[in-house]
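In: Sequence below, structure please.
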Amino acid sequence: MSKQEMNKPKAAAMSTQARLDVAEIHDGTVVLRDGSMRAVIVVSSTNFSLKSGEEQNALIDSYQSFLNSLEFPIQILMQSRKLDIHSYLDKLRALMQQQTNELLRLQTQEYIEYVAKLIEFASIMNKTFYVVVPYSPFITKAGIMQKITNLINPVKTISLKKHEFETHREQLTQRVNQILGALNAMGLHTIVLDTEELVELLYNSYNFDTASPIQIKKIEELDLIKPQ
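Out: The predicted structure is shown next:
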């Protein structure tokens, strides 16, 4: 390598955020750089193999009807993350110390030892399923007169953008409600991610090395529970 090449300034590394198409996230909505919007629904799983033949056929028919009813594209995403159940085991140890029944205490201890050995030799993964719902409004470029108006009256422009956002978000919400109804009809639990949860999802999706494992404190958290 020549001296000139060594002294040549290196190009600044682009951040992950600069490479994404995401412009902003607010009001539970992901807004892309082209103005289109995305909502994300987290969906519980179901053990298909444990269902009877009739239940399996009914579930397949419901899923087929769901797909045929769609008038817009959707994206189905599955994400696997490592589970941290040490806090869950600590809670079991505390309960074991308070257990007065000797048999139950021994059974709890054996269960704790079994799970501890299991996570020692294998990573326990949690699979989470998401449905990404899009909405892409027709976007036009402002003409010369519109640009001049924007410069003269920026307050009106901001108000207009906010009004357009609410209008488009209403259309996106209608699509989300359609998806929710179809998934709930299949016996699946669904939750629409809010702004904070969307930010966390995007961060964890692009930073797997630094994202913290999911901490499980109670066994019920291993499944998605629909809020009452």
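
In: ok, which stretches of this protein are strands?
Out: 22-26, 29-32, 37-43, 75-84, 125-135, 190-192, 214-215 (DSSP state E).

In: what sits up against the third one?
Out: In other words, strand 37-43. Contact with strand 37-43 is made by 28-32, 128-137, 168-169, 172-173, 175-176, 179-180, 183, 188-193, 198, 201, 224, as judged by C-beta atoms under 8 Å, 6 or more residues apart in numbering. Placement of C-beta: from N, CA and C, glycine included.

In: Centre-most residue in this structure?
Out: In the chain, the residue lying closest to the centroid (C-alpha atoms, centre = their mean) is Leu201, at 5.0 Å.

In: Assess the claim that Ser136 and Pro73 are in contact.
Out: No. Using C-beta atoms under 8 Å, Ser136 is not in contact with Pro73, being 9.8 Å away.

In: Take stretch 56-64, keep the C-alpha atoms, and write them as PDB.
Out: Presented in PDB, the C-alpha positions along stretch 56-64 are these (Å, rounded to 0.1, in the frame of the first residue of the first chain):
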ATOM      1  CA  GLN A  56     -57.000 -29.300  11.500                       C
ATOM      2  CA  ASN A  57     -59.300 -29.200   8.400                       C
ATOM      3  CA  ALA A  58     -61.300 -26.300   9.900                       C
ATOM      4  CA  LEU A  59     -58.100 -24.400  10.600                       C
ATOM      5  CA  ILE A  60     -56.900 -24.900   7.100                       C
ATOM      6  CA  ASP A  61     -60.200 -23.800   5.600                       C
ATOM      7  CA  SER A  62     -60.200 -20.700   7.800                       C
ATOM      8  CA  TYR A  63     -56.600 -19.800   6.700                       C
ATOM      9  CA  GLN A  64     -57.500 -20.400   3.100                       C
END
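
In: Which positions in it come out as buried?
Out: For stretch 56-64, burial by neighbour count (16 or more other C-beta atoms under 10 Å) applies to Leu59, Ser62.
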